[in-house]
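any chance you can model this:
(chains A and B, ligands or ions: 1)
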Amino acid sequence: MNGATVIRNARHWRTGERLDLAFDRGVILASPRQDEARVIDARGLVLAPGLVDLHVHLREPGQSAKETIERGTRAAAVGGFTAVACMPNTEPVLDSAAWIEWVRARAEAAGYCRVHPIGAVTMGQKGEQLTEFGALKSAGAVALSDDGRPIMSASVMRRALEHARHAGLPIVCHEEDLTLRGDGQMNEGWVATRLGLRGIPAAAESVMARRDVELSALTGGRAHIAHLSCAESLDALRDAHARGILVTGETCPHYWTLTEEAVLGYDPHAKMNPPLRTERDRRAVIDAIRDGTIDCLATDHAPHTEDEKRQPFDQAPFGIVGLETALALTITHLVEPGHISLARALELWTESPRRVFGLPDVRLEAGHPADLVLIDPEAAWTVEPTAFQSKGRNTPFAGQRLVGRALATICDGEITHLDAAIEVGGARPGRREAGLERSGSLATPR
Amino acid sequence: MRVSLVVVRHRSAGSPAFLARHLEAGVINAGDGEHEHPTQGLLDLLTLSDAWDGRFEGRRLAIVGDIAHSRVARSAIFGLTTLGAAVTIAGPPTLIPAEAETLGCAVAGSVEEAMRGADGVMALRLQRERMESGLLASVGEYAKGWGIDRERVALMRPGAPVLHPGPMNRGVEIAPDVADGGESRVFRQVENGLAVRCAVLARCASALTEVS
Ligand SMILES: [Zn+2]
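Below you'll find the model as predicted:
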């Protein structure tokens, strides 16, 4: 794209002030120049830095039946995201610099947003031998995680946190004591009892959250606790904050919107790990978002094929997609009921995750990257999984009426998502095929 | 060939519901994982109806043993409470499911508490894998704590029936002299099972004919 683009009549996401913002070659300009090649009429919509999701499963390499980097990042763009961090539990596992580079190259060639790979903590995510943190970081890894396969050995986790501290990388902890989980399929409680399904107690999560808080205190290494789902784990994070320990934590939309009761009827789309908990836990998640215990939000976007999910509950894999519903679930269930303001909600999807992973700042100021999202916080729409860009249609929110939508997403100055409601004018309309363009060089700044 | 009726026994809880969603055929649940076993529930109700002169109100059945993994227990609880009888469950703490009272039953702290004054008892089969997975210390420990023996039977109302879904581990969940004693309805259960399952098939088949 040659020439600058200007977004007119936007509303600043934080101040609410009317805003015209121009950018050129991926960088925000000091002021609009009047000779812009392209004009986007924002009609008073909210303009914010692009959303960031620290916890997605893009499934490549090796599981492209579930998702691909292309489709997963398309879903991200539609959801308003300009950056995602992808988990290393692929086939093979992202446990070497070569695979980190492969993901970044693949994302640059086919991606619709910035992709920040997360390297494995241990070789093959087996929980034994540490990977080369320095090499992974040099190759572009922004964090380390054995997500999906928790490190059961406290000693291995301790050593990992020590090395991670030296490498300057956070370790994303999927908190789950596998011995307590056993062959549990959903939250342990009355629903599991009623349905005859094996339960996963909340303690399977909280004992590991407590452990990793203590290990973080011991080592000075930074643990980031993934997908917090229950009251007791949130207390662990709250205590860690109070003690000044370098621990951060995230939660996901399904934990503030749904409870274990969604499993009644054996719907595999209500099956994820950690599992949906009780109403008490759901309220605790909302309280933790309100009081600042939760450092940022993430989706745990976990696509699976329809065949995999079309099985009896205990046979179906854990996980749901999240990129295309996250913003709306945030606005519908956190902002609309008045739990937090829209500005705070957007902060939890933008500045907060960037801070947690140490990603470059994106502000609506001159010199910052043109990673932007235009949001209609009042747009009502119905979740229709067949319309998803993601290959995964495994969502428990199908058919739900939600409020709030990203109408345009711009990443590195390129339009990666554009709703039909948004008009782009100017001498050279920037809309190519399907109304989208995609940069061939979505550089991942480091 | 179009199948009009499917009888399914499957290790996955909810599999009959799954089939019913995806098939046009009628589906009969013959036992799904650790969830339900409705025809067993019906045969237990028939057996108890015989023993209780057809009256369920005011009666109370004790169910003893591995409730957590038992589809037999769940179907018995749902059936009996629907008919107005009460159920008290008892078993080792590791084999009582979370929030068990939400099934509609009372939870007793001991087998004696559950059986005292009861109108009948159902002993559940103990699977050997419960020891292997560390839920129980030993068969002996279980038999001592939770086995249905003569002394415990004496705690119930006189003549109260003893049920067991079979096959029995004699000397574990049920003492041999109780299994073969006058209160035992185990063989009636087997007979009633045949009759009940024939009736279920006949009912479902005729319902299908009426529909078509
Ligand atoms: Zn995880």
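
use CA for all of it now, contacts and neighbours both
Noted.

need the residues of the stretch 151-300 of chain A near the ion, please.
Counting by C-alpha under 5 Å from the ion, the stretch 151-300 of chain A comes close to the ion at residue A:174.

ok, now chain B?
Residues of chain B lying near the ion (C-alpha under 5 Å from the ion): none found.

where does the residue most central in space within chain B sit, in terms of helix or strand?
Among the residues of chain B, the one closest to the centroid is residue B:72, at 3.3 Å (C-alpha atoms, centre = their mean). Residue B:72 belongs to helix B:71-82 when assigned by DSSP states H and E.

right, and the helix or strand after the helix or strand of chain B with the lowest mean pLDDT?
In chain B, no helix or strand scores lower on mean pLDDT, DSSP states H and E than helix B:129-132, which sits at a mean of 84. Sequence-wise, the next helix or strand downstream of helix B:129-132 (DSSP H and E) is helix B:139-146.

contacts for that following helix next, please.
B:64-65, B:91-92, B:110-111, B:131, B:136, B:171-174 (C-alpha atoms under 8 Å, 6 or more residues apart in numbering or on different chains).

specify the beta-bridge partners of the nearest residue to residue B:10 once chain neighbours are set aside.
Spatial nearest neighbour of residue B:10, chain neighbours left out: residue B:32 (5.0 Å); criterion: C-alpha to C-alpha, 6 or more residues apart in numbering or on different chains. Counting by DSSP bridges, residue B:32 is bridged to residue B:10, residue B:36.

ok, residue B:32 - contacts?
B:8-16, B:71 are the contacts of residue B:32 under C-alpha under 8 Å, 6+ apart.

repeat the analysis, applying 6 Å as the threshold.
B:9-13 (C-alpha atoms under 6 Å, 6 or more residues apart in numbering or on different chains).

out of those, which end up buried?
B:9-10, B:12-13 (16 or more other C-alpha atoms under 10 Å in any protein chain shown).

how about chain B: which residue is closest to chain A?
residue B:35 (3.9 Å; C-alpha to the nearest C-alpha).

on that earlier part again, any chance of a markdown table for the contacts of residue B:32, columns distance to residue A:85 and pLDDT?
Listed next are these as a markdown table, based on distance: C-alpha to C-alpha, whole Å; pLDDT from 0 to 100:
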| residue | distance to residue A:85 | pLDDT |
| --- | --- | --- |
| B:9 | 43 | 97 |
| B:10 | 40 | 97 |
| B:11 | 38 | 96 |
| B:12 | 35 | 97 |
| B:13 | 36 | 97 |
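
closest one of the residues you listed to residue B:45?
residue B:9 (20.4 Å; C-alpha to C-alpha).

quick one: that closest one and residue B:30 touch, right?
Yes: here residue B:9 reaches residue B:30: they are 4.7 Å apart, a contact under C-alpha atoms under 6 Å.

pLDDT-wise, what's the bottom of the contacts of helix B:139-146?
Sorting the contacts of helix B:139-146 by pLDDT puts residue B:131 at the bottom of the list (82).

how many residues are close by residue 155?
With no chain named, the answer covers chain A. 12 (other C-alpha atoms under 10 Å in any protein chain shown).

my question was about chain B
Neighbours of residue B:155 using other C-alpha under 10 Å come to 16.

so it: helix, strand or coil?
coil (DSSP: H, G, I helix; E, B strand; the rest coil).

which residues touch it?
Residue B:155 touches residue B:116, counting by C-alpha under 6 Å, 6+ apart.

hmm, back to that, what subset of the contacts of helix B:139-146 is buried?
B:64-65, B:91-92, B:110-111, B:136, B:171-174.

show me the shaky parts of chain B.
Scanning chain B with the threshold set as pLDDT under 70 gives B:1, B:210-212.

care to break it down by domain?
Per the record, chain B has its domains at B:5-35+B:195-211, B:38-190, by automatic domain parsing.

for the ones you listed, which one ends up most surrounded?
Mean neighbours per residue, mean count of other C-alpha atoms under 10 Å in any protein chain shown, is largest over the domains of chain B for domain B:38-190, with a mean of 19.

ok, and what's touching the lowest-mean-pLDDT helix or strand in chain A?
One helix or strand of chain A scores below all others by mean pLDDT, DSSP H and E: strand A:424-425, with a mean of 88. With C-alpha under 6 Å, 6+ apart as the contact definition, strand A:424-425 has outside contacts at A:38-40.

before we move on, what about stretch A:194-210?
By C-alpha under 6 Å, 6+ apart, stretch A:194-210 touches A:175-177, A:180-181, A:184-188, A:192, A:232-233, A:236, B:34-35.

what is the mean pLDDT for the helix or strand hosting residue A:346?
Using DSSP H and E, residue A:346 maps to helix A:342-349. For helix A:342-349, the mean per-residue pLDDT is 98.

any idea how far the helix or strand following that helix is from the chain center?
Next in sequence after helix A:342-349, counting helices and strands by DSSP H and E, comes helix A:351-357. Put simply, helix A:351-357 sits 11 Å off its chain's centre (C-alpha atoms, centre = their mean, to the nearest Å).

residues in contact with helix A:351-357?
If you take C-alpha under 6 Å, 6+ apart as the criterion, helix A:351-357 is touched by residue A:296.

returning to what we had before: residue B:37 is in contact with the residue nearest to the centre of chain B, correct?
Yes: using C-alpha under 6 Å, residue B:72 is in contact with residue B:37, at 5.5 Å.

would you mind giving the domain segments of chain A?
A:4-47+A:366-376+A:401-445, A:50-357.

now the last one, how far from the centre of its chain.
Which is domain A:50-357. 8 Å.

and the angle from whatever helix or strand residue A:84 lives in to helix A:342-349?
Here residue A:84, judged by DSSP H and E, is contained in strand A:81-86. Angle, strand A:81-86 to helix A:342-349, by axes from the mean of the first three to the mean of the last three C-alpha atoms, to 10 degrees: 40 degrees.
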